[in-house]
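Q: Would you be able to build a 3D model of this:
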Amino acid sequence: MLKEERQNHIIKQINLHNKVLSSDLSIQLNVSEDTIRRDLNELAEAGKILKVHGGALSKSFQYPFQENNTYAKDSKKEISRKTLNLVQNDMVLLVSGGTTMIELARMFPDNLSCTIFTISPLVALELAEKQKVNVILLGGQLSKSAHINTGSLTISQLADIKVDLCIQGANSISIDDGLTDSDWEVVQAKKAMLRSAQKTAIVCIAEKLNSAQKLKVCDLNALDYLITDLNPTDRLLARYTEKIKVI
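A: Below you'll find the predicted structure:
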């Protein structure tokens, strides 16, 4: 594989999953970690990614957010529009973090009244602009890569609430592996969110379907809704509709 092809693959993986590890890229591309580190350095110097210890982050996670840095922005807006159809007045919601959740917060109607718990300071700031939304930010240790609060304090607070609907972003999702992620602390927070909700909706751009990370959050049958940018009748979603309601 040529260097340009390798670096294009790296950029796509970073944009899809927000964070990648050098060790994982080395295995995927069958090259040394030194080669991956050189690629990441070049891409960071070119302003295409954000290099961090052990890997890299998408520029979508650079704060303050720039509109043109959000990967698949139109798809995430379509997902947000669909997700809002599940929200009714006076509901209690629990929302995770990520760029799709930020788009959802921005699109939240001004006339919709509800209470929203979130583990994302950035989502909380976006929702704070909505006059009829009561926003409760759950505390904890801030993950510098995921920009959400994690750890024992977050999980303890989540255990004390019961919400009508939990809305989570997906790092990876597949029929066989279910919902997966690459960060242990993020996985524990997501599991605690599932336990706090009567129903859970997973939002996911189509490019993340049929992908898997090393750490499992849950099986598909533990979820209630899968919301993507595709039409629910799309062939790519056929097997998912057998296990979960697809919107």
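Q: Apart from its chain neighbours, what residue comes closest to the most centrally placed residue in the chain?
A: By Cα atoms, centre = their mean, the chain has its centre lying nearest to G169, at 3.3 Å. Residue nearest to G169 in three dimensions, not counting chain neighbours: G98, with 3.8 Å by Cβ to Cβ, 6 or more residues apart in numbering. Where you see a C-beta, it was placed from the backbone N, CA and C, and this is true even at glycine.
Q: What is the neighbour count of the one you found?
A: Neighbour count for G98, taken as other Cβ atoms under 10 Å: 24.
Q: so who does it touch?
A: 18, 120, 146, 169 (Cβ atoms under 8 Å, 6 or more residues apart in numbering).
Q: The chain - how does it break down into domains?
A: Domain segmentation of the chain under automatic domain parsing yields 3-61, 72-246.
Q: Look up the closest residue to Q13, ignoring the ones flanking it.
A: Q13 sits nearest to V20 (Cβ to Cβ, 6+ apart), 5.1 Å away.
Q: Just confirm that neighbour is within a strand.
A: Yes: counting by DSSP: H, G, I helix; E, B strand; the rest coil, V20 is found in a strand.
Q: Tell me the secondary structure at L153.
A: Under three-state DSSP, L153 comes out as helix.
Q: G139 versus that one, what's the distance?
A: 6 Å (Cβ to Cβ, to the nearest Å).
Q: Also S58?
A: Going from S58 to G139 by Cβ to Cβ gives 25 Å.
Q: the more surrounded of those two?
A: S58 (22 against 13).
Q: How many residues are close by T100?
A: By other Cβ under 10 Å, neighbour count at T100 equals 28.
Q: all helices for the chain, in order.
A: 3-17, 22-29, 33-45, 73-84, 99-107, 121-127, 152-158, 184-195 (DSSP state H).
Q: wait, doesn't V217 sit right on L194?
A: Yes: look at V217 against L194 with Cβ atoms under 8 Å: they come within range, at 7.5 Å.
Q: quick one, which of those two is more surrounded?
A: For V217 versus L194, neighbours defined as other Cβ under 10 Å are more numerous around V217 (26 against 17).
Q: quick one, what contacts the more buried one?
A: Neighbours of V217 in contact, by Cβ under 8 Å, 6+ apart: 178-181, 187, 190-191, 194.
Q: quick one: the nearest residue to it once chain neighbours are set aside and K208, what's the gap?
A: Take V217 and drop its neighbours on the chain: the residue closest to it by Cβ to Cβ, 6+ apart is L179, 4.1 Å away. Distance check for L179 against K208: by Cβ to Cβ, it reads 10 Å.
Q: Report the set of residues contacting both of the two.
A: Common neighbours of L179 and K208 (Cβ under 8 Å, 6+ apart) are 170, 172-173.
Q: Need the buried ones from these selected in ChimeraX.
A: Buried members of the shared contacts of L179 and K208, defined by 16 or more other Cβ atoms under 10 Å, are picked up in ChimeraX with:
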select :170,172,173
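Q: Could you dump the shared contacts of L179 and K208 into JSON lines with pLDDT and distance to T228 added?
A: Below are the shared contacts of L179 and K208 laid out as JSON lines (pLDDT from 0 to 100; distance: Cβ to Cβ, whole Å):
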{"residue": "A170", "pLDDT": "94", "distance to T228": "9"}
{"residue": "S172", "pLDDT": "94", "distance to T228": "13"}
{"residue": "I173", "pLDDT": "96", "distance to T228": "9"}
